[in-house]
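In: prediction below, plus the sequence it came from.
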Amino acid sequence: PVKRAALRRCFVAFAMVFDGVSVRNMQEIPKAVVLGMFEIVLAGSATVMAAETVFDTLVQMNFLRTGVSHLAVELRQRQENEEENNSRTTEQGDTDDGKSDGAGGSAPPQDPTRRVMKKKRAVSGDQLCIYMHESIQQIATDMAKRSSSSYEEEHKKSWSQPLRHAAKYIAQLAVKNGGSLAQYQFHEIMTSFLSSVLSPEDKSPLASSKIYTLSDVYVAKNLPHHLIMSRSWKRAGEVLADKSFVKKRVHLLGTLTATRLHVNDLTELYTVVSSMDSKSPRSPTTRDMVVLGASNHTIGSGSRSDEFPGFEIDDFTKTNKLLVDGFNLILDEVNRVEYSNDSSMLFNTHVAICLSFIGAGLLLCQQYIDATCRLEEAVGIYRSLLGYYHVDVARALNAVAQTFSSMGERRIALLKHREAARIYEACNVSRHTDSVTNLQSYASLCAELEFFELAIDKYEEVVAVRKETYGERSVPVAETLHDFARVLSLHGSHDRALALYRESRILYESGVGGRNGRERADAAMVTLSMAAVKSRQGDVTGAIEAYEEGAKDFHDLFKVGTTQYIQHYVTAKENLATLKMNIKDYSGALNAYKSILKEIVGSKNPSLRLESAKLHVRSATIINRHLKTKTEAIQHLKEALPIYKDMFGDNHRDTLAVLSTLRKWETEESNK
């Protein structure tokens, strides 16, 4: 049983750490990394099985599979080339020394065993990569959700010295959670191993040796990802802003790959941290509080847990500075490496591509000024190297336009989109996807700036190209028609807008993407857009029917597990209640509010909690003013008051307003 438990531990740990998304991003998982993780997993157990034995057993059972890493071949060839160059340099130096000493002739021949030993050292790293079949991985993922004794603490005395603290921590968590671990805790196992192999005197996560292995490459590629997934966000930020780590990453992966990975890691960190909610530390939901210095283990605002010591709350300003530092470090290292490779050119296309990556990442992190500078720099390099009329110049201009648009500078963005459109046309690629996307953004900005005639002309051109490229019945055509209808509605062409909305919804519903998933949600959004247009036209009955249909579609979606659509359901029902209030159907409006409260009651999402409090107040107002049943109105205020107190405090004006109204109504009711 003990050995079976050890096999289960390692089997589940591999599946949870190297999930499908991670494997696609990591591409290759070295055997040494897997063995190191298994050592952590087995360190707190009573089993005497070695990590190598567990690994071999899982391979024999066909739970794990092995293959030769193409990265190992590339790394070996690279090291052989470097050593060949070093050998030639050494031989040349020996020859020069012999001549200067007056010995004459050539230097003594090199010992043949010297080159052989070098080659052996270069290929001594582990060349196996490990993976797991998707069907087997699903079984392991299901096993991780069960409550079992596989991760419970067995014998404290068996913990191995270097890893015993990590093993003890993991075992305690497993016992506390009923024998199961969450995915982030499995990533903590991996980060514990990666931290244990680092040199204590070296802050860099990579060793300084010139002979690199697949494990070094793995750390360079994936250490920040594991730190983010384990919710060690402060440490992840420190690694991404560490100059030594950035230098090693570029050296091992190359400028383009290193920049792409670094940008992805920084944007992933920003997304996770900026979505964290202090009131729900294990369920990031809102961007009300940004805490980079705190791990998501932090319990509540400003508090610490004894179980997770050492995490400090930080502010948004420091978060932004750390992110910008990370972007600047990778850019400086790329410039240094590219210039050292070819000192005849100050910049090259690799630098421009990296600048485009960095600018896009800064834009996602809402660092608009820095993003603009980097993207404008990329435009300048492309123009100087490729000429004015080049597709890459147009792409870079499109990215600059998006940045200006995000900053609110829509007129400047319009000029950039127009310039890019001219370049696409001059290059005779006006039907390319990038060109059409740029043209649609141009049309959208024209509509926002109320240049409606120009916007309509451009949208008609985009629709024609989309139909020609993707076919009459395609998702891109449906999306473009939806956007075009919005512009027509703003322009006042409601009948034409409704016709395009209907056409778009028919495309979504008729099997373009199927009546499920994203396409079903898009069809529901089109229905809500039609309701809004009908409301502007004064067709209240039609608008009510459309809102009810759209609300039902979103209700069906989040009931089957797609919870992100609940906010659309809430909005549709609230608009429906407003229309019913306008026609004095107070019972209908109250029923709409009650249907929302039924779905969001008990939600831990702060925005939904606040929305439920507001709905209680609105329901109480309707009941008190129009239905004349104060007892039920008082009950709604009693439901709303604790939420306001919890979210805003006792002295907030909204809390005091609800409290005073509640007391007034209770007094009036008691005096009857």
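Out: Received, thanks.

In: which strands or helices does the helix or strand where E519 lies pack on?
Out: Assigned by DSSP states H and E, E519 belongs to helix 517-537. Judged by 3 or more CB pairs under 8 Å, 6 or more residues apart in numbering; DSSP states H and E, the packing partners of helix 517-537 are helix 475-491, helix 494-507, helix 540-559, helix 566-582. Using the backbone N, CA and C atoms, a C-beta is placed for each residue, glycine as well.

In: out of the ones you listed, flag the one nearest E453.
Out: Closest approach to E453 among those (CB to CB): helix 475-491, 8.6 Å.

In: still on that earlier bit, pull the helix holding E519 out as CSV, backbone CA atoms only.
Out: What follows is helix 517-537, C-alpha atoms only, in CSV (Å, rounded to 0.1, in the frame of the first residue of the first chain):
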residue,chain,number,x,y,z
GLY,A,517,-20.1,28.0,-26.4
ARG,A,518,-19.0,31.4,-27.6
GLU,A,519,-21.3,31.5,-30.7
ARG,A,520,-24.4,30.9,-28.6
ALA,A,521,-23.3,33.8,-26.3
ASP,A,522,-22.6,36.0,-29.3
ALA,A,523,-26.2,35.2,-30.6
ALA,A,524,-27.6,36.2,-27.2
MET,A,525,-25.6,39.5,-27.3
VAL,A,526,-27.1,40.2,-30.7
THR,A,527,-30.5,39.7,-29.2
LEU,A,528,-29.8,42.2,-26.4
SER,A,529,-28.5,44.7,-29.0
MET,A,530,-31.8,44.3,-31.0
ALA,A,531,-33.7,44.9,-27.7
ALA,A,532,-31.8,48.2,-27.2
VAL,A,533,-32.6,49.3,-30.8
LYS,A,534,-36.3,48.5,-30.4
SER,A,535,-36.3,50.4,-27.2
ARG,A,536,-34.9,53.5,-29.0
GLN,A,537,-37.6,53.1,-31.6
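
In: adding distance to A633, mean neighbour count and mean pLDDT as columns, could you present the helices and strands packed on helix 517-537 in CSV?
Out: Formatted as CSV, the helices and strands packed on helix 517-537 follow (distance: least, CB to CB, whole Å; neighbours: other CB atoms under 10 Å; pLDDT from 0 to 100):
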stretch, distance to A633, mean neighbour count, mean pLDDT
helix 475-491, 38, 21, 88
helix 494-507, 38, 19, 89
helix 540-559, 25, 19, 88
helix 566-582, 16, 20, 90
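
In: of all the ones you listed, which one is nearest D370?
Out: Using CB to CB, these put helix 475-491 closest to D370, at 29.5 Å.

In: hmm, who's touching that closest one?
Out: By CB atoms under 8 Å, 6 or more residues apart in numbering, the surrounding residues in contact with helix 475-491 are 440, 443-444, 447, 452, 455-456, 459-460, 462-463, 466-467, 469-471, 494, 496-498, 500-501, 503-504, 507-508, 512-513, 519, 522, 525-526, 529, 532-533, 536.

In: if you set the cut-off to 7 Å instead, what comes out?
Out: Identification of contacts with helix 475-491 by CB atoms under 7 Å, 6 or more residues apart in numbering yields 440, 444, 447, 452, 455-456, 459, 462-463, 466-467, 470, 496-497, 500-501, 503-504, 507-508, 512-513, 519, 526, 529, 533.

In: next: stretch 441-460.
Out: Stretch 441-460 is contacted by residues 401, 405, 410-411, 413-414, 417-418, 421, 439, 462, 483-484, 487, 490-491 when judged by CB under 7 Å, 6+ apart.

In: my guess is I29 contacts M132. True?
Out: No: in this structure, I29 is not within contact of M132 by CB atoms under 7 Å, at 9.3 Å.

In: residues contacting the residue nearest to L615 when sequence neighbours are not counted?
Out: Excluding its sequence neighbours, the residue lying closest to L615 (CB to CB, 6 or more residues apart in numbering) is Y593, at 5.0 Å. Y593 makes contact with 577, 615, 618-619 under the criterion CB under 7 Å, 6+ apart.

In: how about those residues in CSV, adding secondary structure and distance to T667?
Out: Below are the contacts of Y593 laid out as CSV (DSSP: H, G, I helix; E, B strand; the rest coil; distance: CB to CB, whole Å):
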residue, secondary structure, distance to T667
A577, helix, 29
L615, helix, 25
R618, helix, 22
S619, helix, 21
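
In: who's in contact with V250?
Out: Counting by CB under 7 Å, 6+ apart, V250 makes contact with 258, 333-334, 337.

In: hmm, try it at 8 Å
Out: So V250 contacts 258-259, 330, 333-334, 337 (CB under 8 Å, 6+ apart).

In: mind listing which of the residues you listed are in helices?
Out: 258-259, 330, 333-334, 337 (DSSP state H).

In: tell me the one of the residues you listed nearest N222?
Out: Each of the ones in helices among the contacts of V250 was scored against N222 by CB to CB, and A258 proved nearest at 12.6 Å.

In: the closest one touches R249, doesn't it?
Out: Yes: in terms of CB atoms under 8 Å, A258 counts as a neighbour of R249; the distance is 4.6 Å.

In: when the two are compared, which one has more neighbours?
Out: Under the criterion of other CB atoms under 10 Å, the comparison of A258 against R249 puts R249 first, with 30 against 24.

In: right, and the helix or strand after the helix or strand hosting R374?
Out: Assigned by DSSP H and E, R374 belongs to helix 368-386. Sequence-wise, the next helix or strand downstream of helix 368-386 (DSSP H and E) is helix 391-406.

In: run the angle between that following helix and helix 368-386 for me.
Out: Calculated by axes from the mean of the first three to the mean of the last three CA atoms, to 10 degrees, helix 391-406 forms an angle of 160 degrees with helix 368-386.

In: what packs against the helix or strand that comes right after helix 391-406?
Out: Next helix or strand after helix 391-406 toward the C-terminus (DSSP H and E): helix 410-426. The contact analysis (3+ CB pairs under 8 Å, 6+ apart) places helix 410-426 against helix 391-406, helix 433-448.

In: quick one, strands of this structure?
Out: Under the criterion DSSP state E, strands of the chain are mapped to 65-68, 128-131.

In: how about the nearest residue to Y368, chain neighbours excluded?
Out: M407 (4.5 Å).

In: per-residue confidence at G380?
Out: Looking at G380, its pLDDT reads 93.

In: what's the answer for M26, then?
Out: So, for M26, pLDDT stands at 48.

In: how much space between the nearest residue to L261 once chain neighbours are set aside and S215?
Out: Excluding the flanking residues, the one nearest L261 by CB to CB, 6+ apart is K221, at 6.1 Å. Note on K221: its distance to S215, by CB to CB, to the nearest Å, is 11 Å.

In: same check on A399?
Out: As judged by CB to CB, A399 and S215 stand 36 Å apart.

In: check T437 too.
Out: For T437, the distance to S215 - CB to CB - is 41 Å.

In: out of those two, which sits in the busier spot?
Out: Higher neighbour count among T437 and S215: S215, with 20 against 14, using other CB under 10 Å.
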